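Peer 1: Following is a predicted model, sequence given first.
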Amino acid sequence: MDIFRIEGPVRLSGSVNINGSKNASLPIMAATILAAGKSTLSSVPYLSDISVCGQLLSQLGCKISRSSNGDLCIDSTVIDNPVGEYEIVCRMRASICILGPLLARCGRAEVSMPGGCAIGDRPIDIHVRGLQELGAKIHLKNGYIIAEAPNGLKGKEIFLGGAFGSTVLGTANVLMAATLAKGKTIIESAACEPEIADLANCLNKMGAKITGIGSPRLTVKGVKELQPAEYKVIPDRIEAGTFMVAAAITAGELHLHNCRLDDMMAVVDKLRNTGITIDATSDGCVVTRKGPIKTGDITTQPYPGFPTDLQAQLMALLSLADGNSIIIEKIFPDRFMHVAELNRMAANLRKESAAVIIAGVKKLIAAPVMASDLRASAALVLAGMAAEGTTIVNRVYHIDRGYEKIEERLNPVGAKITRESD
Ligand code: EPZ
């Protein structure tokens with residue numbers, strides 16, 4: 001397993017290009033199941049999660065390849081094994097998003113239950129309820145979800161909200177299934193995340209008839225079949241937010257290219273309130289911090305609220321604020337594996353059920369720390385760049401799931417990160 005050796009403190013300065021969105025790419029890759037033929041997806045990042053999704057699609061019968069210009073080519077002409085195996089699904093919870101398209105394409109799907117992960121339980125009851133509303137018969141067997149719709153699916157008005165609000169991949173599953181259902185489907189309390197809008201735009205390019213894109217009410221007129229597509233995924237707003245915090249926590253200045261500020265208004269608002277300057281440019285923004293980090297009061301919510309995927313990164317930043325801050329986690333109440341690790345670096349964080357009280361400290365001190373999940377590991381890298389001394393981040397494979405060669409993108413702008421095998 002690789003480790004990162006991070007020298008700090010550093011000050012970042014320069015330009016960084018934001019990659020395509022992991023969380024748009026994964027459901028869009030699953031959507032290619034719906035149309036027999038060759039789809040070409042561009043701007044799909046080189047991440048381990050993307051590779052795992054490719055393995056999953058290959059197991060179904062798809063042929064996956066990368067062209068010389070980096071485009072991801074998926075040939076879904078043959079789907080002769082509609083089964084999502086446990087060995088793959090347990091490595092990436094997002095694998096669940098093949099359930100809806102497989103069911104719609106083949107009339108049957110067997111997908112392993114995702115199980116829990118470091119950020120908490122990953123229930124799929126709303127996914128199941130939504131597909132049952134479309135007429136699927138679903139039961140559990142040996143840890144697998146068996147979904148059947150031998151006579152096809154039928155459109156319906158569906159309320160898809162749960163105790164935590166909308167579900168991103170639950171919306172993706174039901175939306176993809178509804179594109180081939182007979183008649184009209186209305187999905188109320190749909191997720192409004194930009195990644196879901198991107199999926200809907202891709203589906204419409206494949207011949208689906210979806211309206212209300214970006215709103216909590218999606219209307220789908222079922223069609224007989226879809227066509228393969230050529231599609232470019234949107235930039236990764238979570239990666240962009242992570243790099244914004246990198247500039248802020250090192251009192252630096254970064255020019256982010258290929259970054260859509262419109263997708264990140266809650267993040268930009270909170271960062272500006274902590275004293276960070278964010279100036280829009282033609283293709284992104286310039287992020288600068290000159291003065292002290294001001295305190296923050298953040299609650300994570302479904303889009304357009306503050307994204308849970310940037311909670312850990314903001315916690316690292318607010319650990320150095322000039323006073324007390326609070327972060328409340330309303331999406332994954334247990335998503336705090338990074339708290340103990342940041343405290344090992346002399347942060348002063350106190351967890352109170354689904355909230356963390358952050359007493360700002362003057363400086364962080366380097367220490368060996370353990371990555372636990374994708375975004376927590378990003379927070380530890382950010383803290384390591386600001387901390388005094390040499391920070392060792394273990395289990396770097398977590399960060400490789402969502403950030404493409406992050407050390408090769410941070411070092412040219414001033415970071416001192418070396419990847420070593422432990
Ligand atoms: C997506 O996960 C993202 N993953 C997550 O990003 C992100 O944290 C999450 O949305 C929230 O924004 C991808 O897009 C691949 P949810 P998803 O269903 O769809 C509860 C990352 O770091 N819920 O929107 O699995 C659930 O427990 C990853 O890139 C149910 O109760 O999340 C949670 O509390 C981590 N029943 C809340 O809803 C269900 O059937 C939101 O989860 C489904 C979800």
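Peer 2: Arrived safely. Values in this document were obtained by computation on a predicted structure and should not be read as measured data. Residues are numbered from 1 along each chain as shown.
Peer 1: quick one, what contacts Gly296?
Peer 2: Going by C-beta atoms under 8 Å, 6 or more residues apart in numbering, Gly296 touches Lys270, Asn273, Thr274, Leu314, Leu317, Leu318, Ala321, Ser325, Ile326, Ile327. Placement of C-beta: from N, CA and C, glycine included.
Peer 1: Mind checking which of the residues you listed are in strands?
Peer 2: Judged by DSSP state E, the contacts of Gly296 include Ser325, Ile326, Ile327 as members of strands.
Peer 1: The first one contacts Ala355, doesn't it?
Peer 2: No: the pair Ser325 and Ala355 fails to qualify as a contact (C-beta atoms under 8 Å) at a distance of 10.7 Å.
Peer 1: Tabulate the contacts of Gly296 (CSV), appending distance to the ligand, pLDDT and neighbour count.
Peer 2: Formatted as CSV, the contacts of Gly296 follow (distance: C-beta to the nearest ligand atom, whole Å; pLDDT from 0 to 100; neighbours: other C-beta atoms under 10 Å):
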residue, distance to the ligand, pLDDT, neighbour count
Lys270, 16, 98, 20
Asn273, 22, 98, 13
Thr274, 22, 97, 21
Leu314, 14, 98, 28
Leu317, 18, 98, 27
Leu318, 19, 98, 29
Ala321, 24, 98, 19
Ser325, 21, 98, 23
Ile326, 20, 98, 15
Ile327, 15, 98, 24
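Peer 1: what's the closest of the ones in strands among the contacts of Gly296 to Cys90?
Peer 2: Ile327 (29.1 Å; C-beta to C-beta).
Peer 1: I'd assumed Thr308 was in contact with the closest one.
Peer 2: No: counting by C-beta under 8 Å, Ile327 does not reach Thr308; the two are 10.2 Å apart.
Peer 1: Common neighbours of the two, please.
Peer 2: Here Ile327 and Thr308 share the contacting residues Thr300, scored by C-beta under 8 Å, 6+ apart.
Peer 1: what's the helix or strand in which Leu203 is found in contact with?
Peer 2: Using DSSP states H and E, Leu203 falls within helix 194-205. Helix 194-205 has contacts (C-beta under 8 Å, 6+ apart) with 21, 23-24, 27-28, 31, 34, 168, 171-172, 175-176, 179, 190, 208, 210, 213-214, 218, 226, 229-231, 233-234, 237, 260, 263, 303.
Peer 1: List the residues that contact the residue lying farthest from the centre of the chain.
Peer 2: Most distant residue from the mean C-alpha position of the chain: Asn151, 33.9 Å away (C-alpha atoms, centre = their mean). Asn151 sits next to Gly107, Gly135 when contact means C-beta under 8 Å, 6+ apart.
Peer 1: Quick one: low-confidence residue ranges for the stretch 101-250 of the chain.
Peer 2: 115-116 (pLDDT under 70).
Peer 1: Name the residues of it found near the ligand, please.
Peer 2: Within the stretch 101-250 of the chain, the positions near the ligand by C-beta under 6 Å from any ligand atom are 119, 121-127, 162-164, 167-170, 195.
Peer 1: Restricted to helices, list these.
Peer 2: Using DSSP state H to define helices, the subset of those located there is Asp125, Ile126, His127, Val168, Leu169, Gly170, Glu195.
Peer 1: Phi first, then psi, for the closest residue to Ala386 other than its chain neighbours.
Peer 2: Distances taken as C-beta to C-beta, 6 or more residues apart in numbering place Ile249 nearest to Ala386, at 4.6 Å, with adjacent residues excluded. When read as degrees, to the nearest 10, the backbone of Ile249 gives phi -70, psi -20.
Peer 1: Would you confirm that Ile249 contacts Leu318?
Peer 2: No: in this structure, Ile249 is not within contact of Leu318 by C-beta under 8 Å, at 9.7 Å.
Peer 1: okay, and the common contacts of those two?
Peer 2: Ile293.
Peer 1: And His255, how far from Ala247?
Peer 2: Separation of His255 from Ala247 (C-beta to C-beta, to the nearest Å): 9 Å.
Peer 1: Of those two, which one has the most company?
Peer 2: A count of neighbours by other C-beta atoms under 10 Å puts Ala247 above the other of His255 and Ala247, at 28 against 20.
Peer 1: check which helix or strand covers that one.
Peer 2: Using DSSP H and E, the element containing Ala247 is helix 237-249.
Peer 1: For Cys73, which non-adjacent residue is spatially closest?
Peer 2: In space, Cys73 is closest to Ser65, 4.9 Å off (C-beta to C-beta, 6+ apart).
Peer 1: Please check the contacts of helix 194-205 and keep the buried ones.
Peer 2: Neighbour counting with 16 or more other C-beta atoms under 10 Å marks 21, 23-24, 27-28, 31, 34, 168, 171-172, 175-176, 179, 190, 208, 210, 213-214, 218, 226, 229, 231, 233-234, 237, 260, 263, 303 as buried within the contacts of helix 194-205.
Peer 1: Filter the contacts of Gly296 down to the ones in helices?
Peer 2: Per DSSP H, the contacts of Gly296 map to helices at Lys270, Asn273, Leu314, Leu317, Leu318.
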